[in-house]
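In: make a model of this:
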Amino acid sequence: MRSYVLGSVLIALVLVAVSSHAATLSMSTDKSTYDVGETITLTIVGDAEGEADVGIFGTVVYDPGRTTVTGQSQSSLTSLGGGLPWINGVLFLDFPNAGTADALNTIAGLVPQTPDQLVISVITLTADAEGAVNFQWLADGGSESLSFFSLTNAPGASITIVPEPSTAFLVGLGLVGLGLRRARIPH
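Out: Numbering: from 1, shown residues only. Model prediction:
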């Protein structure tokens, strides 16, 4: 019985040690609902949690019928302890109709390196048409899919685009006018 308890405690400690060094990556927007024409700010934040790698990259998939990418940026990483610098690669915007944009494209060189800060990438888009929009990591297994330390997938984000308030107001005003006009017309 004693060896069973000891074995269970050792397994629990190993699981805690393994889970405490798992990389994290998340994607969020500055709000959940946007008017048509508004700027959407998509922020990607990640933490290597002490893991080392020679490169990280990831591509975000978005709805090109409802949104248009207007800008992309990524922060510069430094190595743990001030070692060799990470080098930012070029962020590519795929063909506009394809609906993909690079969020991360950074290499550490030939030697695996651990960054000492969060990875932050920002993509700005314009809300073009009303409806629901999901932002997700490209997961086709190709060279553009997500590779962030030990992660090959991570949560995405969702928003809703609604008509401009002024447009909704004008439509409502027009309907009220039609109702009043109909009420005045004798039958």
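
In: residues of stretch 144-153 that come out buried?
Out: 144, 146, 148-149, 151 (16 or more other CB atoms under 10 Å). Any C-beta I mention is one placed from the backbone N, CA and C, and that applies to glycine too.

In: any idea which helix or strand comes after whichever strand or helix holds residue 123?
Out: Residue 123 is located in strand 119-127, with elements delineated by DSSP states H and E. Downstream of strand 119-127, the first helix or strand assigned by DSSP H and E is strand 131-137.

In: now do the contacts for the residue nearest the centre of the chain.
Out: Residue closest to the mean C-alpha point of the chain, counted by CA atoms, centre = their mean, is residue 27 at 3.4 Å. Going by CB atoms under 8 Å, 6 or more residues apart in numbering, residue 27 touches 42-44, 60, 103, 135, 137, 154-157.

In: pretty sure it sits in a strand.
Out: Yes: counting by DSSP: H, G, I helix; E, B strand; the rest coil, one finds residue 27 located in a strand.

In: and the contacts of residue 27, which two are furthest apart?
Out: Farthest pair in these (CB to CB) is 43 and 137. Separation: 14.4 Å.

In: the two: who's more crowded?
Out: Using other CB atoms under 10 Å as the criterion, residue 43 and residue 137 rank with residue 137 on top: 23 against 16.

In: bridged to that one, which residues?
Out: residue 60 (DSSP bridges).

In: contacting residues around it?
Out: 27, 58-61, 145-146, 153-154, 156.

In: would you check that residue 67 makes contact with residue 133?
Out: Yes: using CB atoms under 8 Å, residue 67 is in contact with residue 133, at 5.8 Å.

In: anything in contact with each of those two?
Out: Shared contacts of residue 67 and residue 133, defined by CB under 8 Å, 6+ apart, comprise residue 161.

In: can you give me the helices in this structure?
Out: Using DSSP state H, the helices of the chain run over residues 2-19, 165-184.

In: weakest of those in terms of mean pLDDT?
Out: Ranked by mean pLDDT, the helices of the chain bottom out at helix 2-19, with a mean of 44.

In: what are the bridge partners for residue 148, then?
Out: With DSSP bridges as the rule, residue 148 is bridged to residue 151.

In: sorry, back to before: grab the nearest non-local neighbour of the residue nearest to the centre of the chain.
Out: Leaving aside its chain neighbours, residue 27 sits nearest to residue 157 (4.6 Å; criterion: CB to CB, 6 or more residues apart in numbering).

In: which residues are in contact with that neighbour?
Out: 27-29, 42, 134-135.
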